[in-house]
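S.K.: Predicted model follows, preceded by the sequence.
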Amino acid sequence: MSTPSYTTHRKKSTRHVPGLSKVGDRSDFSRGIKLGLPIFLGYLPVGLAFGILATQHGFSPLEALLCSATALAGAGQFIALATLLAGGNALTTVIATGVVNLRYVLFAATVSPHLKKVGFKAMSWLGFTLTDESFAINIADLRNKTATQSSMGGVGLISWIGWVAGTGIGVTCSSWIGDPSKWGVDFAMPAMFAALFVTLAENHKHVLTGVFSGCIVIALAMANHFGIAIDSNWFIVIAALAGATVATLAFPHEQAVESGEEITVVAHKESV
Amino acid sequence: MIDTIPQTTIIVVIIGMGLVNFCLRFIPMAALSRIALPKALMRWLSFVPISVMGALFAKEVLLPSTEYSPMAANPGIYGALVSMLVFKASKSFIGSTLAGVGFYLMVRWVFTLMGFGV
């Protein structure tokens, strides 16, 4: 769709503006896949657990796979199972998972200023694959100014593969793998969050904000201990809202790290 | 409490969950990416990632079973520290994740030998 001279021009600029040439896009995509490998590792055992639970309670293997492949909803899928088993009908179940996943609205809003130049078709994939983990990796990469539409798409794809493959293992051959936690895969996600915390904590104000949010989570868990029951699925969103609000008030001179414009994901010119 | 979920319910739930989860993610992304957000909101949003990460870290590392467990007896603390240090040095997510998991397994094994019963 572009003239050859323009292509040459773009090839020259790939180093400085990632994601503009087609070759650059493909390498960005595989860079995204590599970036998302820790997510893949972390999703395998959780997807596996979902596959086992779902098939134990009436889902056929195909239905469990289909559910993971279309919802990609982590905790939401476990909530759905629990709601159904408690006798909930289809409507209450879908609402329950939607409520648990309301935090995606917050994540989507946070990513959105970076996506000004991304077309809706590509964005539908980025939206579909938005999870706690892909959000965290992509936002760190965006802050690093290395993210492109393709790299974010790659992070999404490897996450999706991990979740669906995990479910697939769960519904087929869980019996001869045994407890996956003996391989330590249950710690893949926490270990990745630790690294992500380091990369997102750009200055002491950010460190304080993160520590504050962490303390809110601990406080909420303690409250549970003292009989004030807050479902642990709400911890993240409550702490994130509180942390961001307190930081905005406490650090009035801290400028937004990025003006959305500046590091907008560079989309393929020809595809927008 | 039921044991087996009816088939029609499962099908409806799968379709409904797919739609709801997609809309929750895509609609705000699509709508907000096409308008200029107010400066104040941008500033607020710029603090969201670190807040989310602090919260996720606390929930996954400090509260492995949604119950607070004593710091020193939690092998996750040591794994997380190693992951952070390796990330500082290498800037690699997969490298730091694997190093963190490796150290976590080692500490968990030592704690089991010592009878901490993790």
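M.R.: Alright, I've got the coordinates.
S.K.: Quickly check: the lowest-mean-pLDDT helix or strand in chain B near chain A or not.
M.R.: Sorting the helices and strands of chain B by mean pLDDT, DSSP states H and E puts helix B:39-46 at the bottom, at a mean of 90. Yes. Residues of helix B:39-46 contacting chain A under Cβ under 8 Å from any Cβ of the partner chain: B:39, B:40, B:42, B:43, B:44, B:45, B:46. To be clear about C-beta, it is placed using only N, CA and C from the backbone, and glycine gets the same treatment.
S.K.: Give the next helix or strand downstream of that helix.
M.R.: Remark: after helix B:39-46, the chain's next helix or strand is helix B:48-57, criterion DSSP states H and E.
S.K.: Break chain A into its domains for me.
M.R.: As assigned by automatic domain parsing, chain A contains the domains A:19-185+A:258-271, A:203-256.
S.K.: what's the model's confidence in the longest one, averaged?
M.R.: Averaging pLDDT along domain A:19-185+A:258-271 gives 85.
S.K.: ok now that domain, how far from the chain's centre?
M.R.: 6 Å (Cα atoms, centre = their mean, to the nearest Å).
S.K.: middle-most residue in chain B, spatially?
M.R.: Residue closest to the average C-alpha location in chain B (Cα atoms, centre = their mean): residue B:56, at 4.8 Å.
S.K.: Tell me the helices and strands packed up against the least confident helix or strand of chain B.
M.R.: Contacts defined by 3 or more Cβ pairs under 8 Å, 6 or more residues apart in numbering or on different chains; DSSP states H and E place helix B:39-46 against helix A:235-250.
S.K.: Which strands and helices lie in contact with the helix it packs on?
M.R.: Under the contact rule (3+ Cβ pairs under 8 Å, 6+ apart), helix A:235-250 is packed against helix A:103-111, helix A:204-225, helix B:39-46, helix B:48-57.
S.K.: near chain A at all, the last one?
M.R.: Yes. Using Cβ under 8 Å from any Cβ as the criterion, contacts between helix B:48-57 and chain A involve B:48, B:49, B:50, B:51, B:52, B:53, B:54, B:55, B:56, B:57.
S.K.: For the first one, which residues are in contact?
M.R.: When contacts are counted by Cβ atoms under 8 Å, 6 or more residues apart in numbering or on different chains, residue B:48 touches A:106, A:107, A:110, A:240, A:244.
S.K.: ok, those vs residue A:46, which is closest?
M.R.: Using Cβ to Cβ, residue A:107 comes nearest to residue A:46 of the contacts of residue B:48, at 18.2 Å.
S.K.: Now for that closest one, how many residues are close by?
M.R.: 28 (other Cβ atoms under 10 Å in any protein chain shown).
S.K.: do the same with residue A:88
M.R.: As a measure of burial, residue A:88 has 20 neighbours, counting by other Cβ under 10 Å.
S.K.: what's the answer for residue B:3, then?
M.R.: Residues near residue B:3, counting by other Cβ under 10 Å: 8.
S.K.: Skipping adjacent residues, who's closest to it in space?
M.R.: residue A:57 (7.0 Å; Cβ to Cβ, 6 or more residues apart in numbering or on different chains).
S.K.: Quick check on the one you found: phi, psi?
M.R.: Backbone torsions for residue A:57, taken as degrees, to the nearest 10, come to phi -120, psi 30.
S.K.: Would you check how far apart it and residue B:108 are?
M.R.: 31 Å (Cβ to Cβ, to the nearest Å).
S.K.: More neighbours: these two, which one.
M.R.: residue B:108 (21 against 17).
S.K.: Quick check: the more buried one touching residue B:73?
M.R.: No. Residue B:108 lies out of contact with residue B:73 (Cβ atoms under 8 Å); the separation is 10.7 Å.
S.K.: Where does pLDDT dip in chain B?
M.R.: Along chain B, segments meeting pLDDT under 70 span B:1-2, B:65-71, B:116-118.
S.K.: Quickly check: the longest helix along it near chain A or not.
M.R.: When chain B is parsed with DSSP state H, its longest helix is helix B:7-33. Yes. Counting by Cβ under 8 Å from any Cβ, chain A has neighbours in helix B:7-33: B:7, B:9-14, B:16-18, B:20-22, B:24-33.
S.K.: Counting neighbours, which of these end up buried?
M.R.: B:9-10, B:12-14, B:16-18, B:20-22, B:24-26, B:28-30, B:32-33 (16 or more other Cβ atoms under 10 Å in any protein chain shown).
S.K.: can you map out the helices along the stretch 1-150 of chain A?
M.R.: In the stretch 1-150 of chain A, the helices defined using DSSP state H, counting those that start in this stretch lie at A:4-13, A:22-35, A:37-56, A:61-71, A:75-85, A:90-100, A:103-111, A:120-128, A:132-143, A:149-173.
S.K.: Could you dump the ones you listed into TSV with distance to chain B added?
M.R.: Below are the helices of the stretch 1-150 of chain A laid out as TSV (distance: least, Cβ to the nearest Cβ, whole Å):
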stretch	distance to chain B
helix A:4-13	23
helix A:22-35	6
helix A:37-56	4
helix A:61-71	4
helix A:75-85	5
helix A:90-100	4
helix A:103-111	4
helix A:120-128	3
helix A:132-143	4
helix A:149-173	10
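S.K.: Tabulate the ones you listed (TSV), appending distance to residue B:86.
M.R.: Formatted as TSV, those follow (distance: least, Cβ to Cβ, whole Å):
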stretch	distance to residue B:86
helix A:4-13	34
helix A:22-35	16
helix A:37-56	12
helix A:61-71	31
helix A:75-85	28
helix A:90-100	32
helix A:103-111	26
helix A:120-128	29
helix A:132-143	16
helix A:149-173	20
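S.K.: hmm, back to that, quick one: buried residues of the least confident helix or strand of chain B?
M.R.: B:42, B:43, B:44, B:45, B:46.
S.K.: Return the angle between stretch directions for that helix and helix A:132-143.
M.R.: Inter-element angle recorded for helix B:39-46 and helix A:132-143: 120 degrees (by axes from the mean of the first three to the mean of the last three Cα atoms, to 10 degrees).
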